[in-house]
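In: have a look at this prediction, sequence included:
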2 protein chains.
Amino acid sequence: MTAPESSAPRLRGRPRSPATDAAIIEAALRLLEEGASVGGLSIEGIAREAGVGKATVYRRWPGKDALMLDVLRSLEEPSPEPAGVSVRDDLVTILEFMRRRGLAKRNSALLRSVITQMHAHKELWRAYDENVIAARRASLRAVLRRGRESGEIRADVDLELLADLFTGPMLARAMLHEWKELPEGLAERIVDTVLAGVSPRR
Amino acid sequence: MTAPESSAPRLRGRPRSPATDAAIIEAALRLLEEGASVGGLSIEGIAREAGVGKATVYRRWPGKDALMLDVLRSLEEPSPEPAGVSVRDDLVTILEFMRRRGLAKRNSALLRSVITQMHAHKELWRAYDENVIAARRASLRAVLRRGRESGEIRADVDLELLADLFTGPMLARAMLHEWKELPEGLAERIVDTVLAGVSPRR
DNA sequence: GACTTACGATACGAGACCGTCTCGTATTGG
DNA sequence: CCAATACGAGACGGTCTCGTATCGTAAGTC
């Protein structure tokens, strides 16, 4: 399942150990867990971590990319089984799955590695955070607070959550889809939809 | 403004060229624009791109991290000037600023570089997308469609946007705050808030 | 038992960057 | 003119990883 053994079952000689296959992939995951970025991983390092010769890795995969592909495949999950009764509950199920997945370190290794790479340059990120994000975040929070006082926004919603509610969709668009696809009216659509809610008004 | 020249204005000898300062930072930004990751940048490469000797770089900054810090500082922006009348319009202003910033390549260089690093491993990302994201996305879309047919969700909202509305906040939480902070009831809170909207029900 | 392949270890040459240093030249103040 | 510093270029020794090759040994098939 992990190594691409394909069609030729030559059964002469010593067979490749499946345990070694697993050890290599495990080692890669372990390194990712520990904060390595995908780009920072080296075959050499993985082999070392796995207690395996480099040649043993190269015997199975032609290069890092192919290996990473199998590492990702090893993370396939049973999927969240969305079947339910109320749409609301189904949505909760899906998001809850996302949340758990985020918490489970070894899963979502790729996305996590991207974020880790961010937090890896701690100083850098802090500077970026202070210079760019914090300012925007503060002004956003001010607007939200004002809206709450003026009655334009419900009082029972956490401001912190509220901020993510508005900025999150934009971020998701930028990250998961192509970066370019931030169409003209997007800001209005997000704001109005979040304000109004998506269940039908009475 | 860019290089930290501090307090000692020794005026003997040839002074450092501010143009060179700028050229180095420009080169770094150019490389980031072209898809290099922060981790992948090398002083050697930056100097080459800038048409500058390595020593000239090391004369100004002690290492890559310090240089990157100044590169970030060079991106500081006038901030979105949120002052407005209606909270709704202010929110649109802020999000619109985010959107434009996302489109302006050279700004948001850091965040962009993180994302670029993702898309850099095209094959890898595609695999990850197909294996992990697409499946979840499909089931999410199915639920949303079902909700729309059953009347639990308004019919006039784009399904694509809807999906981002639900998943975005979770992603924002994971990325911008610390990864661990995905508290227990978050999924329910997001779903219920997006469904109900944040403006007061009548 | 003979043959074949996998294995861990390690050597190898190639190449990228690192950070330091030294050229010869340019540009300033004294 | 002279001393001091900056400049582009690049040599230098060092580290790291690459992908290949070669050991002697282990583990299977015929």
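Out: That came in fine, so what should we check first?
In: anything in the helix or strand A:Asp65 falls within near chain B?
Out: Under the criterion of DSSP states H and E, A:Asp65 resides in helix A:64-73. Yes - against chain B, helix A:64-73 shows contacts by C-beta under 8 Å from any C-beta of the partner chain at A:Asp65, A:Met68, A:Leu69, A:Leu72, A:Arg73. For the C-beta atoms, the positions are set from N, CA and C on the backbone; glycine is no exception.
In: scan those and report the most crowded one.
Out: Neighbour counts for the residues of helix A:64-73 next to chain B (other C-beta atoms under 10 Å in any protein chain shown) peak at A:Met68, which has 23 neighbours.
In: give me the pLDDT value at A:Ala120.
Out: Per-residue pLDDT puts A:Ala120 at 59.
In: ignore the last one, A:Arg12
Out: pLDDT, the model's per-residue confidence, is 83 for A:Arg12.
In: up against DNA strand D, what does chain A have?
Out: Counting by C-beta under 7 Å from any atom of the strand, chain A comes close to DNA strand D at A:11-15, A:41-45, A:53-55, A:58, A:63-64.
In: and the gap between A:Glu33 and DNA strand D?
Out: Distance from A:Glu33 to DNA strand D, counting by C-beta to the nearest atom of the strand, to the nearest Å: 17 Å.
In: filter the residues of chain A next to DNA strand D down to the ones in helices?
Out: A:Ile43, A:Glu44, A:Gly45, A:Lys54, A:Ala55, A:Tyr58, A:Lys64 (DSSP state H).
In: and for A:Arg59, the neighbour number?
Out: Counted with other C-beta under 10 Å, A:Arg59 comes out at 11.
In: excluding its backbone neighbours, what's nearest it?
Out: Excluding its sequence neighbours, the residue lying closest to A:Arg59 (C-beta to C-beta, 6 or more residues apart in numbering or on different chains) is A:Arg16, at 7.5 Å.
In: if we can go back for a sec, closest to B:Val87 among the residues of helix A:64-73 next to chain B?
Out: A:Leu72 (42.9 Å; C-beta to C-beta).
In: confidence score at the closest one?
Out: A:Leu72 is given a pLDDT of 78.
In: if we can go back for a sec, how about the residues of helix A:64-73 next to chain B, which pair is most distant?
Out: It's A:Asp65 and A:Arg73 that sit farthest apart of the residues of helix A:64-73 next to chain B, by C-beta to C-beta, at 12.9 Å.
In: what is in contact with those two at once?
Out: Common neighbours of A:Asp65 and A:Arg73 are not found (criterion: C-beta atoms under 8 Å, 6 or more residues apart in numbering or on different chains).
In: just among the ones in helices among the residues of chain A next to DNA strand D, which is most surrounded?
Out: A:Lys64 (19 neighbours).
In: please report how far that residue lies from A:Ala50.
Out: Going from A:Lys64 to A:Ala50 by C-beta to C-beta, to the nearest Å gives 14 Å.
In: OK, now which residue of chain A is nearest to DNA strand C?
Out: In chain A, no residue comes nearer to DNA strand C than A:Gly13, which is 1.9 Å away by C-beta to the nearest atom of the strand.
In: hmm, back to that, and the residues of helix A:64-73 next to chain B as a markdown table, adding distance to B:His177?
Out: What follows is the residues of helix A:64-73 next to chain B, written out as a markdown table (distance: C-beta to C-beta, whole Å):
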| residue | distance to B:His177 |
| --- | --- |
| A:Asp65 | 32 |
| A:Met68 | 28 |
| A:Leu69 | 31 |
| A:Leu72 | 26 |
| A:Arg73 | 30 |
